[in-house]
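**Q** Need the 3D shape of this:
(chains A, B, C and D)
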Protein chains: 2
Amino acid sequence: MEKRRSTKAPSRKAAQPKTLGAEAWVAEAWRALSELGVDGVRVEPLAARLGVTKGSFYWHFEDRAALLSALLDDWEQRATAAVIREVDARCESPRERLFALIRMTTASPEAPDAEHAVRAWGAHDTSVRKRLQRVDARREAYVAQLLVAVGVDEARAQMRARALYLALIGEYARVAHGGAATERATWEELMRKLIEP
Amino acid sequence: MEKRRSTKAPSRKAAQPKTLGAEAWVAEAWRALSELGVDGVRVEPLAARLGVTKGSFYWHFEDRAALLSALLDDWEQRATAAVIREVDARCESPRERLFALIRMTTASPEAPDAEHAVRAWGAHDTSVRKRLQRVDARREAYVAQLLVAVGVDEARAQMRARALYLALIGEYARVAHGGAATERATWEELMRKLIEP
DNA sequence: CGAGTTCAATACGGCACCGTATGGAAAAGC
DNA sequence: GCTTTTCCATACGGTGCCGTATTGAACTCG
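**A** Numbers count the residues shown, from 1 in each chain, chains lettered A, B, ... in the order given. Model prediction:
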C-alpha cells in the first residue's frame, strides 16, 4: 500500500463531477494566486472555497509544495505555446504576426494578474526563477525571430525584442496593481518604431 | 499617558546607537520586503535579526500595519524625487537627461528587488495601489516632459514615455527574479528610437 | 538621589494554518 | 455480494506569528 497518489483519471467526460480532481484544486489555486499572491494559496481556505475539507486535498497532493509545483507546471505549459500557436495560425506575414501578438497578449483581462503573481513569486523562490527564465527566453526568441523576418538585423532584433517584452511585463505589473491598461495606439506606436530597419 | 509613540528623536548624531529607533526597524523591514515579499516582513523574525525581542517593536509601532505603512511612506518619498533631482542637477540638455535617467535607474543593484517587491505587494493591497499610481504618474510625466523638450510632439511623447517606463518596470521584475540585466546598448537603442520626432 | 521617561525582555492567550491519522461512504471490479 | 479503490470528513498535535500585559533596566533631569 504505497500511500496515496492517483494513477488513472476517473474517465469523467465533461459532466459536473460529483467528486473533485487535482485540476479543480489547481484551478482554485490560480484564483488565490492571482488575487492574493503565493502566500495566499493555503490549503484550508482553498478547501473552504471548494466546499470540501482538506482531507480531500491531502489525497490529491503530497503537500502544499506539490500544489504550487503543479501550478507552475500548468503555467509553463500553457503560457507560451498557446499564444504562439494562435498567432502563427491567425496570421501569415511576420509584420501582422507582431501586431497580432501584441493585441492578444494585452487583451486578456486575467493574464496580467496571473503573470504578475508568478513574477512576484519568482522573486523569492529559486524553482520559479528557473521556469521564468526559460519562459522569458522562449518568448523573447519568438519576438526576435519575427523582427528578423520583418527586416531588422539580428543584433537589433534581439535588443528590440527585449525592449518590447520588458514593456509587456511592465504592462502586466501595471494592470495587476490597478493601473489602466495602456491603449492599443501606444503599443502600435512602439511597434512601428521597433520594426523600422 | 497616551500609550506609546515617540515624539522626539533621541538626539543621536551618527554614532552607533545602543538603542533602536523606528528607522532601524524600517531599514530591516526593507531587507525582508526585498528578499521575501510583504508576507516575509513579520515582526518576530525582524526582531530576531535585530537582536531584540518584539517588546521593542511594539513600543515604536502600533502594530504590524503601522510598520508597513511607514515602509510605504519611506518609499514614496525617496523613490522619485531623489532621482529627478539628481538627473536635473547632472545634465543640462533634455537629451542628455533622458540618457542619464536610464543609466541611473538601471544601474542600482538594490532598486529592482525593492521596486518589484512594492509592485508585487500592490497587487493585493489597495493602499499600496494608490501610491503606486501616484508614483507612476509622476515618473511618466517627467519622462514625457523630457521627450517633449527634445522635440517629440505631446501625444507621441506620452505614449513613448509610457512605453519606456513600462520597460523599466519590466526590467526591475526581470532582474528581481534572477534575469541578467539588459545591456546599456539595448536601452540606448530603444531610447534612440523614442527620441526621433 | 529619586522620579519620570525610554527602550527592551518575558510571558501569556489566541488564531490560522500545516500535516497526519483514522474512519467512513460511495462507486468499481471480481 | 463482498472486497478494493477512490474520495472526503473529523479530530488531533504542532508551529509560527500577532498583539497585550507586565516588569525591568538604563538613561535623563530636576
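
**Q** show me where pLDDT drops low in chain A?
**A** A:1-18 (pLDDT under 70).

**Q** Geometric centre of it: which residue is closest?
**A** Nearest residue to the geometric centre of chain A (CA atoms, centre = their mean): residue A:79, 4.0 Å.

**Q** Say whether DNA strand C is contacted by the helix or strand containing it.
**A** Taking DSSP states H and E as the definition, residue A:79 sits inside helix A:64-90. Yes - using CB under 7 Å from any atom of the strand, we find that helix A:64-90 touches DNA strand C at A:64, A:65. In this view, the C-beta of every residue, glycine as well, is placed from N, C-alpha and C.

**Q** List the buried residues in that helix.
**A** Buried residues in helix A:64-90, counted by 16 or more other CB atoms under 10 Å in any protein chain shown: A:64, A:67, A:68, A:70, A:71, A:72, A:75, A:76, A:79, A:80, A:83, A:87.

**Q** With stretch A:97-104 instead?
**A** In terms of neighbour count (16+ other CB under 10 Å), stretch A:97-104 has its buried residues at A:97, A:98, A:99, A:100, A:101, A:102.

**Q** wait, doesn't residue A:94 sit right on residue A:149?
**A** Yes - applying CB atoms under 8 Å, one finds residue A:94 in contact with residue A:149, separated by 3.7 Å.

**Q** quick one on the thing from earlier: just give me how far the helix holding residue A:79 sits from the chain centre.
**A** Helix A:64-90 sits 6 Å away from the centroid of its parent chain (CA atoms, centre = their mean, to the nearest Å).

**Q** Which other helices and strands does it contact?
**A** The contact analysis (3 or more CB pairs under 8 Å, 6 or more residues apart in numbering or on different chains; DSSP states H and E) places helix A:64-90 against helix A:22-36, helix A:94-105, helix A:111-122, helix A:126-149.

**Q** rerun that using 7 Å as the cut-off
**A** helix A:22-36, helix A:94-105, helix A:126-149 (3 or more CB pairs under 7 Å, 6 or more residues apart in numbering or on different chains; DSSP states H and E).

**Q** Save those as JSON lines, and put in distance to residue B:54 too.
**A** What follows is the helices and strands packed on helix A:64-90, written out as JSON lines (distance: least, CB to CB, whole Å):
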{"stretch": "helix A:22-36", "distance to residue B:54": "25"}
{"stretch": "helix A:94-105", "distance to residue B:54": "45"}
{"stretch": "helix A:126-149", "distance to residue B:54": "30"}
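
**Q** With distance to chain B added, can I get the ones you listed in CSV?
**A** Below are the helices and strands packed on helix A:64-90 laid out as CSV (distance: least, CB to the nearest CB, whole Å):
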stretch, distance to chain B
helix A:22-36, 5
helix A:94-105, 11
helix A:126-149, 4
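
**Q** Go through those helices and name the closest to DNA strand C.
**A** When these are compared by CB to the nearest atom of the strand, helix A:22-36 sits nearest DNA strand C, at 9.4 Å.

**Q** Identify each buried residue in that closest one, please.
**A** A:22, A:24, A:25, A:26, A:28, A:29, A:30, A:31, A:32, A:33, A:34, A:36.

**Q** cool, stretch A:139-156 as well?
**A** Across stretch A:139-156, burial judged by 16+ other CB under 10 Å covers A:139, A:140, A:142, A:143, A:144, A:146, A:147, A:148, A:150, A:152, A:156.

**Q** what does that stretch contact?
**A** The set of residues external to stretch A:139-156 that reach it, using CB atoms under 7 Å, 6 or more residues apart in numbering or on different chains, is A:80, A:84, A:94-95, A:97-98, A:157-158, A:160-162, A:164-165, A:194-195, A:197, B:189.

**Q** which residue sits closest to residue A:128 in space, ignoring its chain neighbours?
**A** residue A:122 (4.0 Å; CB to CB, 6 or more residues apart in numbering or on different chains).

**Q** tell me which of the buried residues of stretch A:139-156 is nearest to residue A:182?
**A** Lowest distance from residue A:182 to those (CB to CB) belongs to residue A:143, with 17.7 Å.

**Q** So that closest one versus residue A:186, what's the distance?
**A** 17 Å (CB to CB, to the nearest Å).

**Q** try residue A:101
**A** 15 Å.

**Q** Same question for residue A:140.
**A** Taken as CB to CB, the span from residue A:140 to residue A:186 is 20 Å.

**Q** Likewise for residue A:105?
**A** Taking CB to CB, one finds residue A:105 at 14 Å from residue A:186.

**Q** Then residue A:86?
**A** 22 Å.

**Q** again, but for residue A:55
**A** Using CB to CB, residue A:55 is found at 50 Å from residue A:186.

**Q** try residue A:30
**A** 29 Å.

**Q** now residue A:46
**A** Plainly put, residue A:46 is 38 Å away from residue A:186 if you go by CB to CB.

**Q** Many thanks, have a good one.
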